[in-house]
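Trainee: just to be clear, the model below is a prediction. Sequence and coordinates:
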Amino acid sequence: MIRLALGAGAALLTVPVFIGAMAGSEQQLSALPQGVEGIPGAVLLAYAQAAARLEAEYPGCVGMSWPVLAGIGKVESDHAAGREISSSGDVRPPVIGPRLDGGGAGGNTTPHTDSDVGRWDADPRFDRAVGLMQFIPTTWALHGLDGNGDGIADPHNAFDAAWSAAVYLCASAPRSEKVDFTDQEDLEAALLRYNRSSAYVEKVTGHIAQYTALAARAPHVPVGSGASSEQGRAAAEWALAQVGKPYLWGGTGPHAFDCSGLTMQAWAAAGVRIPRVTTDQVNAGVRVGLGDLQPGDLLFYDTGSGASPSHVTMYVGSGQMVNAPRTGQAIRVEPVDGDYYSSRFVAAVRPG
C-alpha cells in the first residue's frame, strides 16, 4: 500500500460528539472533544465508529481508538481537507493522489499500472492512491469494506475508508498474532504494515499522541435526568458495532435486528433495561429536545406501518443516528435531519 500526504487547511468544529473507543480488555469510554480542529464531524464519527466496531468483530485485535485512525487520516489526506463531506460520509471532490508511474511523486519509484480501469482514481493508465485513507486500487479491491451498510465499498466514503483501514491494521498481522493497539510495539508494527516507512510511522504516532491527549482532556456532556451520559455512550458504541448487520423483523440479535430490538439490546449492553417494542420504548424515559440530544437517546418516528410511533433509531453524535430501517436493508448510520425521517419525527427520549 502506498501512502501519500495530501492537502492542507482545517476547519474548526463546534458540534458536540461523544463516542466510546475500545481499549485493552474492557470498554474505555473516552469522550470525543466538542470540536477537533481540522476533522469534519462525519470524519470524526467514522473514525470513532470503526474503532468501536473492531474489537467486537475482530477479538484478536484490542485497544483500537479513534486517535489511531485520526493519526493515519491526518498524514494521508489531512482528513480530506478542502473537500465537502456529507453527513453520510461521501467526500467530494474525491481525494486522489499523484500518478504512481514510478516517477518519484510521493516517494513512489515503482510503476503501478492501472488496475481499476480508472473506476476509483479516474486514471486509465496508472493507479493512484484514493480516498481519505489513501488506498491503492489493488489494495482496495482486496481489503475495501462497506463501513456504513449501504451495500457499496467506496474508498471515497469516510465510513467505508475508516472501517477498511481499521480492519486492515488488524487483519494484516500474522495469523496467530494478537494485536494490542495500546502497545507501542504492536502499534508501530501495524503502521509499518500500512506503509513500510519508518518516517511515516514517526509522523503518524506523533499525531496519535496529540489526539490521545486531546481525548483525555475532552469534557463530558452534563448529565441531566434519565440515564447517565456514560451509559448513553456505551449504548451508542454498542449500536455502532452492529452497523452492516441485516434487518430482521422481530430480530434481537446477535446476527440481525429490527429497529426496537437493536435499541433494546444496545441499552441492555449499557446496563439499562427498556421495553421490547417501539410503542413502549417511547414511554421508557424522559423527553428531550432535538437541540439537547446526547449519544444513546432514542428518536421515534411515525412511518405509517403501525401504531405511532412505529419506528425508532438511536442518536450517536454529530447529527447522526444508527438505524435498522426495514427488510432488505442493513443497519446503517445516517443523518438525523434527512428528509424522510425529519418529516415523520414524533419524539426524542432518554431512557432511564
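Mentor: Received the coordinates, thanks.

Trainee: for this protein, what's the longest helix?
Mentor: helix 198-216 (DSSP state H).

Trainee: looking at that helix now, give me its mean pLDDT.
Mentor: For helix 198-216, mean pLDDT is 93.

Trainee: renumber starting at 15 from here on
Mentor: Taking 15 as the first residue, the last one we looked at is helix 212-230.

Trainee: so how far is that helix off the chain centroid?
Mentor: Computed by C-alpha atoms, centre = their mean, to the nearest Å, the chain-centroid distance of helix 212-230 equals 19 Å.

Trainee: stretch 159-170 too?
Mentor: 11 Å.

Trainee: what's the span of it, first residue to last?
Mentor: One end of stretch 159-170 to the other measures 12 Å (C-alpha to C-alpha, to the nearest Å).

Trainee: check what contacts that stretch and list those residues.
Mentor: 60, 63-64, 102-106, 108-109, 134, 144-147, 149, 154, 158, 171, 173-178, 181, 257-259, 343-347 (C-beta atoms under 8 Å, 6 or more residues apart in numbering). In this view, the C-beta of every residue, glycine as well, is placed from N, C-alpha and C.

Trainee: domain map for the protein?
Mentor: 35-230, 243-365 (automatic domain parsing).

Trainee: compare these and say which comes out lowest on pLDDT.
Mentor: Across those, domain 35-230 has the smallest mean pLDDT, namely a mean of 88.

Trainee: and it, how far out from the chain's middle?
Mentor: In terms of C-alpha atoms, centre = their mean, the centre of domain 35-230 is found 11 Å from the chain centre.

Trainee: so Gly96 belongs to a strand, correct?
Mentor: No: under DSSP: H, G, I helix; E, B strand; the rest coil, Gly96 falls outside any strand and is assigned coil.

Trainee: where does it fall, phi/psi-wise?
Mentor: Taking degrees, to the nearest 10, you get phi 80, psi 0 for the backbone angles of Gly96.

Trainee: ok so, going back, which of the contacts of stretch 159-170 are buried?
Mentor: Those of these that meet the buried threshold are 60, 63-64, 102-105, 108-109, 134, 144-147, 149, 154, 158, 171, 173-178, 181, 257-259, 344-347, by 16 or more other C-beta atoms under 10 Å.

Trainee: got the contact list for the residue nearest to Ser186 when sequence neighbours are not counted?
Mentor: Nearest non-adjacent residue to Ser186, counting by C-beta to C-beta, 6 or more residues apart in numbering: Arg207, 4.3 Å away. Neighbouring residues of Arg207 by C-beta under 8 Å, 6+ apart: 182-183, 186-187.

Trainee: which two among these are spaced furthest apart?
Mentor: Spatial extent of those (C-beta to C-beta) is set by the pair Tyr182 and Ala187 at 9.9 Å.

Trainee: please name the nearest non-neighbouring residue to Thr196.
Mentor: What sits nearest to Thr196 in space, not counting adjacent residues and going by C-beta to C-beta, 6+ apart, is Gly77, at 3.7 Å.

Trainee: tell me the buried residues in stretch 197-208?
Mentor: Applying a neighbour-count criterion of 16+ other C-beta under 10 Å, one finds 200-201, 203-205, 207-208 buried in stretch 197-208.

Trainee: tell me where the stretch 215-364 of the chain has helices.
Mentor: 243-254, 273-283, 292-295, 353-356 (DSSP state H, counting those that start in this stretch).

Trainee: compare those and give me the one nearest Ser324.
Mentor: Nearest to Ser324 among those is helix 292-295; the distance by C-beta to C-beta comes to 6.3 Å.

Trainee: and that closest one, what does it pack against?
Mentor: Packing partners of helix 292-295 (3 or more C-beta pairs under 8 Å, 6 or more residues apart in numbering; DSSP states H and E): helix 273-283, strand 312-315, strand 325-331.
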